[in-house]
Structures are given as structure tokens and as C-alpha cells.
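Student: need a 3D model of the sequence below.
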Amino acid sequence: MRRMNTVYERLGQLSKDDPEILVKIADYYAVSKQIKEAIPRYLAILKMRPGASDDSAVANVREKLARSLIFTSQRDEAIEVLEGMVKENPQRFDTLRTAG
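Tutor: I've put the predicted structure just below:
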């Protein structure tokens, strides 16, 4: 896993302005159960594209961030993220289901 982390870290350095690549890197950390590594990457993507809910590259980043926060027992932060998502799009079922 260490070797793969090094590859993804290098890719992140080379693609620091490409949100599509950064989402894939954050997703790698989440899938490989390195959630604490994924969270700051999701946050960085959201800073790059704060209102990009229509952008397919980052459309689910806030939901992934909320799930990661829940997984790491940061429930208050997750609720904040989810409340923002519901406020932005009250009809989105996935958000309501995650908020549970």
C-alpha cells in the first residue's frame, strides 16, 4: 500500500489543479480505508469548486466527505455538510438517506 500511496501522492502533486484527478485520488484513499487521508483531499476539491454541484467531476464530493466524516466519528461536521447539501437541493434523495 505504501508504494501505491507514493504513486497517488505524486499524481496529486502533478495534477493539483485538476479536480477530476483529485477526486480519483481522494476516492483511492477512501476505498483503501485511509479515510483520514481522503478527508483533506475532499475538502481541497470543494475549496477549488465551492458551488460545482452540477459539475460531474465533483458532484458527489460533499456526499463522500460526509460519509468519510461519519466513518471517522466526526458526526457534527458530517451533519453540517449534509445540511448544506439539503439546503442547496432539498429534493436529492441520496442526501436525505445519508443524513438518515
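
Student: where does the chain have low pLDDT?
Tutor: Counting by pLDDT under 70, the chain contains low-confidence ranges at 50-59, 92-100.

Student: mind listing the helices for it?
Tutor: Using DSSP state H, the helices of the chain run over 2-14, 19-31, 35-48, 61-71, 75-88, 93-99.

Student: quick one, which of these is packed in tightest?
Tutor: Comparing these by mean neighbour count (mean count of other CB atoms under 10 Å), helix 61-71 ranks first with a mean of 21. For every residue, glycine as well, the C-beta is placed using N, CA and C.

Student: angle of that helix against helix 19-31?
Tutor: Per axes from the mean of the first three to the mean of the last three CA atoms, to 10 degrees, the angle that helix 61-71 makes with helix 19-31 is 20 degrees.

Student: packing partners of helix 61-71?
Tutor: Helix 61-71 makes packing contacts with helix 19-31, helix 35-48, helix 75-88, helix 93-99 when contacts are defined by 3 or more CB pairs under 8 Å, 6 or more residues apart in numbering; DSSP states H and E.
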